[in-house]
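sequence-free structure coming up:
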């Protein structure tokens, strides 16, 4: 697979695009006004301990307190989600003891704690934190107050796992655990030794700052998107890294020279007149990323909807009718849809619960092949996930790690008209709402003449389409209504004024 990285920087925004076989599969965006928090380390103060929820809230200096669950007390983070489940798990034993005894026996109100952000604030929720911090390096993660060596699950060769543990063991600092990252595969003692020295030096600086700082305080800020992304994804399988900003280019070259000299020659400074993302025709792909409907080859399409609790992806055959039997046509559509759905999930950075509704297939072998193909599409995805087999109803359920809000939430605002519903009230419904308003006003008998301000389209529905509902209202209730057409007013809103005083009386008879 041909893999390339593109880094586009402006004064206000930095974007990192991951290309696989000339297709955009992931996009990382950092804006100057939005502070990334994942990976940051804070010295905080316990504000509240809730035994019933087995959780605590920690003041780390923000308006919203950070959420700390008992399962995150002593939990290894960083690449720990990829650690072997068959390794010795001292942190897991801490978690079990915490759950048995209760979080209230471990944490007290007013207690100062060192925490690391593992999930950024999403919607109305504050950040989620863990008490066990970790310092990521190029090939490994340093875990203070631990003494175990773990290996990424993505390294599947057991002989290599054993070799890595043996290679790194002599360099493990006393009182620290190590997690070998996927990039450690094939590396040797000298590279591990140098990486450990770098992260230990960083840990020494932040530990000194933590000891001398008064809580709440920021102790360590994770690297900006350019360096952190390069650290995590600029691996040996990347053919080229193209950067269009000279300062970022120097920063990446400097980092590569220290930790991955063999990759330095793959970094190039783009100097062309055409914007970098335009050169690769990525802007249309990014625009489509915000659309609800996604077209697939041969006329099929996906419908992607965000609800409060989950994201649903619905597969439709559209114009694709196929040339063979119906089952084969459906199978081909589902396979294409699975590939595109997986790509959209990665590209949009969708997390949480995801429901993919494929077209029903009767053949069990086809359902199995669909499931295997869908799983295969996530092999290069760095987010933790769990995928269930296809049900009898053609549904695949999955969960995907959510560290920050999706690109849909980050790059768009809620519609002020429909408030995120995706639909608006019809003109007939609005006409009826207006009529009910005047029915309530008639019962009060306070006014006799009104100015009704409405959108011209609503006025057409109530006056100009032959029904003249306004005239019927006036005849039925025996008062006068003057219709005022206002193009600036949304069709879902209306205003009513007392004609004698020009006072806005809309709220008097609106049902809440």
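Happy to help now that I have it. All values reported here derive from a predicted model rather than from experimental measurement.

check what pLDDT the residue lying closest to residue 122 once chain neighbours are set aside gets.
Residue nearest to residue 122 in three dimensions, not counting chain neighbours: residue 405, with 4.9 Å by Cβ to Cβ, 6 or more residues apart in numbering. Placement of C-beta: from N, CA and C, glycine included. Confidence at residue 405, expressed as pLDDT, is 72.

per-residue confidence at the nearest residue to residue 138 once chain neighbours are set aside?
Spatial nearest neighbour of residue 138, chain neighbours left out: residue 259 (4.2 Å); criterion: Cβ to Cβ, 6+ apart. What the model reports as pLDDT for residue 259 is 75.

would you mind measuring from residue 259 to residue 382?
Distance, residue 259 to residue 382, using Cβ to Cβ, to the nearest Å: 18 Å.

which helix or strand in this structure has the lowest average pLDDT?
Lowest mean confidence among the helices and strands of the chain (mean pLDDT, DSSP states H and E): helix 90-101, at a mean of 48.

name the residues that touch the following helix or strand past it?
Once the chain leaves helix 90-101, the next helix or strand it forms, by DSSP states H and E, is strand 112-119. For strand 112-119, the surrounding residues in contact (Cβ atoms under 8 Å, 6 or more residues apart in numbering) are 37-46, 58, 60, 66, 68, 72, 77, 107, 127-134, 210, 215, 219, 402-404.

only the buried residues of strand 112-119, if you could.
Residues of strand 112-119 classed as buried: 113, 114, 115, 116, 117, 118, 119 (neighbour count, 16 or more other Cβ atoms under 10 Å).

ok, now stretch 341-354?
For stretch 341-354, the buried set under the neighbour-count rule, 16+ other Cβ under 10 Å, comprises 341, 342, 343, 344, 345, 346, 347, 348, 349, 350, 351, 354.

the residues you listed in strands, which ones?
Judged by DSSP state E, the buried residues of stretch 341-354 include residue 354 as members of strands.

re earlier: what sits against the residue nearest to residue 138?
137, 138, 194, 195, 198, 231.

so what are the domain limits for the protein?
By the record's domain assignment, the chain is partitioned as 3-33+227-283, 41-221, 292-404, 427-509 (automatic domain parsing).

ok now the longest one, how far from the chain's centre?
Spelled out, it's domain 41-221. In terms of Cα atoms, centre = their mean, to the nearest Å, the centre of domain 41-221 is found 22 Å from the chain centre.

with the last one instead?
Here the centre of domain 427-509 is set off from its chain's centre by 44 Å, with Cα atoms, centre = their mean.

same question, stretch 503-512
That offset, for stretch 503-512, works out to 40 Å (Cα atoms, centre = their mean).

which parts of it are buried?
For stretch 503-512, burial by neighbour count (16+ other Cβ under 10 Å) applies to 505, 509.

go on, stretch 231-246?
Neighbour counts over stretch 231-246 (16+ other Cβ under 10 Å) mark 231, 232, 233, 234, 235, 238, 241, 242, 243, 244, 245 as buried.

next: stretch 22-36.
Buried residues in stretch 22-36, counted by 16+ other Cβ under 10 Å: 24, 25, 26, 27, 28, 29, 30, 36.

show the contacting residues for the residue nearest to residue 122.
If you count contacts by Cβ under 8 Å, 6+ apart, residue 405 has them with 120, 122, 123.

of the residues you listed - the most surrounded one?
Using other Cβ atoms under 10 Å as the neighbour criterion, residue 120 leads these with 20 neighbours.

surely that residue is in contact with residue 38?
Yes. With contact defined as Cβ atoms under 8 Å, residue 120 reaches residue 38; the gap is 5.3 Å.

which neighbours do the two share?
With Cβ under 8 Å, 6+ apart as the test, residue 120 and residue 38 both reach 403, 404.

coming back round to it: and the contacts of residue 405, which is closest to residue 474?
Comparing the contacts of residue 405 against residue 474 with Cβ to Cβ places residue 123 closest, at 46.4 Å.

for the closest one, give its distance to residue 27.
Residue 123 is 21 Å from residue 27, by Cβ to Cβ.

over to residue 248?
16 Å.

where in this structure is pLDDT low?
Low-confidence segments of the chain (pLDDT under 70): 32-35, 74-101, 224-226, 229, 319-324, 420-421, 465-467, 512.

go with 50
75-96, 98 (pLDDT under 50).

now do the same end-to-end measure for stretch 495-503.
Terminal residues of stretch 495-503 are spaced 11 Å apart (Cα to Cα, to the nearest Å).

for the spatially most central residue of the chain, what are phi and psi?
In the chain, the residue lying closest to the centroid (Cα atoms, centre = their mean) is residue 406, at 2.9 Å. Per-residue torsions, residue 406: phi -70, psi 170 (degrees, to the nearest 10).

likewise the one 3 residues further on?
Here is the backbone geometry of residue 409 (degrees, to the nearest 10): phi -70, psi -40.

what about it, how many neighbours?
Residues near residue 409, counting by other Cβ under 10 Å, number 15.

related to what we said a few turns ago, take the contacts of residue 259 and keep only those in helices.
Of the positions in the contacts of residue 259, 194, 195, 198, 231 sit in helices, assigned by DSSP state H.

quick check: closest non-adjacent residue to the last one.
Distance criterion Cβ to Cβ, 6+ apart; nearest residue to residue 231, sequence neighbours excluded, is residue 138 at 6.3 Å.

quick one: residue 149 and residue 173 touch, right?
No. At 11.7 Å, residue 149 does not count as touching residue 173 under the criterion of Cβ under 8 Å.

what about those two, which has more around it?
residue 149 (21 against 15).

contacts only, for that one.
Residues near residue 149 by Cβ under 8 Å, 6+ apart: 87, 165, 168, 169, 172, 177, 178, 179, 180.

now for the last one, how many residues are close by?
As a burial measure, the neighbour count of residue 180 was computed by other Cβ under 10 Å and equals 27.
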